[in-house]
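**Student:** sharing a model that was predicted from the sequence below.
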Amino acid sequence: MATSTYKGAYLPTVSGDSGTWGTLLNTTTFPVFDNNLGGIVGKNLTNVNVTLSATESQAAILRLTGTLTGAVQITTACQGFTFIENLTTGAYAVTITNGVGSALTLPQGSRTLAIFDGTNGARLATSNVISLGTSGLLSLTYGSGLATLDVVTSVNNAVLENTNQSVTWNTSNPTVNLNSGCYLQVQLAANVSSLTFINIPAGLCKVTMEITNTGSYNITGWIGSSSWPGGVPPTITSGAGKLDVIVLVTTNLFVNNRGFIVAQNMG
């Protein structure tokens with residue numbers, strides 16, 4: 001039985017299939033196209049890699065949920081495009097691949113249009129249309145010309161800077177997903193020797209931390225190469241309920257950053 005190259009839909013035989021066209025079209029052609037145009041596949045993720053079946057790979061939408069306890073890679077047999085909605089929680093990466101080239105990262109909270117083929121692998125459908133220039137401006141390719149939109153990355157960053165998330169640091173090496181907000185209300189419940197941020201906004205990024213000590217804990221490992229007033233990093237105020245406010249500012253994804261001690265010992 002002949003099938004289409006990319007989606008595997010049945011191709012009627014010319015001058016053949018007498019008396020069976022209705023059955024074959026209704027079972028092996030139209031359902032494939034219907035799935036490709038409107039089908040939704042849901043996957044609940046934890047820390048186990050997932051391989052989509054041929055039918056799942058044909059669906060228009062892949063919806064990801066679940067609390068991640070480790071990084072997860074999804075393998076698809078898709079040829080063409082898939083809309084992917086990443087609704088997972090937990091500070092781990094989700095990627096998707098069709099076994100060719102580099103896997104595509106799917107940021108949490110994102111809705112991504114991904115395209116796949118057997119030569120170039122997985123990639124963003126918009127990667128050659130909208131790009132972020134070195135000036136921080138968004139560039140839009142229109143036909144053979146290049147139009148520059150007067151939209152800077154600080155618009156998105158300003159939203160995140162004013163979006164708060166509550167976190168508890170009860171381990172020596174906490175990880176914070178900045179996609180959920182860059183204003184951190186921190187319950188410090190352990191001595192922190194290594195701090196990690198993921199999904200750091202590009203360009204100028206400011207992270208504000210309201211740090212409430214739950215005991216006599218301290219932070220000795222700040223992210224990246226941090227510069228402080230007088231060259232001295234802060235000591236978090238000891239005592240349950242004591243509040244310090246610290247701000248970190250970076251322009252290079254926290255490879256380097258400047259730290260500012262806004263307030264300490266706010267009871």
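**Tutor:** Received it, and whenever you're ready, just let me know what you need.
**Student:** when you work out contacts or count neighbours from here on, use the C-alpha atoms and nothing else.
**Tutor:** Noted.
**Student:** what is the end-to-end distance of stretch 46-54?
**Tutor:** 22 Å (CA to CA, to the nearest Å).
**Student:** identify the residues contacting it?
**Tutor:** By CA atoms under 8 Å, 6 or more residues apart in numbering, the surrounding residues in contact with stretch 46-54 are 66-78.
**Student:** in those, find the pair that's most separated.
**Tutor:** By the measure CA to CA, T69 and C78 form the most distant pair in these, at 26.3 Å.
**Student:** more neighbours: those two, which one.
**Tutor:** The neighbour count for T69 versus C78, taken as other CA atoms under 10 Å, is higher for C78 (28 against 15).
**Student:** look up how far T212 lies from that one.
**Tutor:** The spacing between C78 and T212, counted by CA to CA, is 48 Å.
**Student:** by neighbour count, which of the contacts of stretch 46-54 wins?
**Tutor:** The contacts of stretch 46-54, ranked by neighbours (other CA under 10 Å): first place C78, 28 neighbours.
**Student:** check contacts around it.
**Tutor:** Contact analysis of C78 by CA under 8 Å, 6+ apart lists A54, S57, Q58, N98, F116, D117.
**Student:** out of those residues, which end up buried?
**Tutor:** When neighbours are counted using 16 or more other CA atoms under 10 Å, these contain these buried positions: S57, Q58, N98, F116, D117.
**Student:** now those in JSON lines, with pLDDT and distance to T163?
**Tutor:** Below are these laid out as JSON lines (pLDDT from 0 to 100; distance: CA to CA, whole Å):
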{"residue": "S57", "pLDDT": "91", "distance to T163": "35"}
{"residue": "Q58", "pLDDT": "89", "distance to T163": "37"}
{"residue": "N98", "pLDDT": "95", "distance to T163": "35"}
{"residue": "F116", "pLDDT": "93", "distance to T163": "34"}
{"residue": "D117", "pLDDT": "92", "distance to T163": "38"}
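**Student:** just the ones of these in strands?
**Tutor:** Taking DSSP state E as the definition of strands, these contribute F116, D117.
**Student:** which member of the contacts of C78 is positioned nearest S172?
**Tutor:** Taking CA to CA as the measure, N98 is the one of these closest to S172, at 36.6 Å.
**Student:** so the closest one sits against G121, correct?
**Tutor:** Yes - taking CA atoms under 8 Å as the definition, N98 is a contact partner of G121 at 6.0 Å.
**Student:** quick check: which ranges of this structure have low pLDDT?
**Tutor:** The model of the chain has pLDDT under 70 over residues 1, 4-6, 8-11, 16-17, 19, 21, 126-156.
**Student:** tell me the contacts of E210?
**Tutor:** For E210, the contacting residues are Y183, L184, Q185, V186, L243, D244, V245, I246, taking CA under 8 Å, 6+ apart as the criterion.
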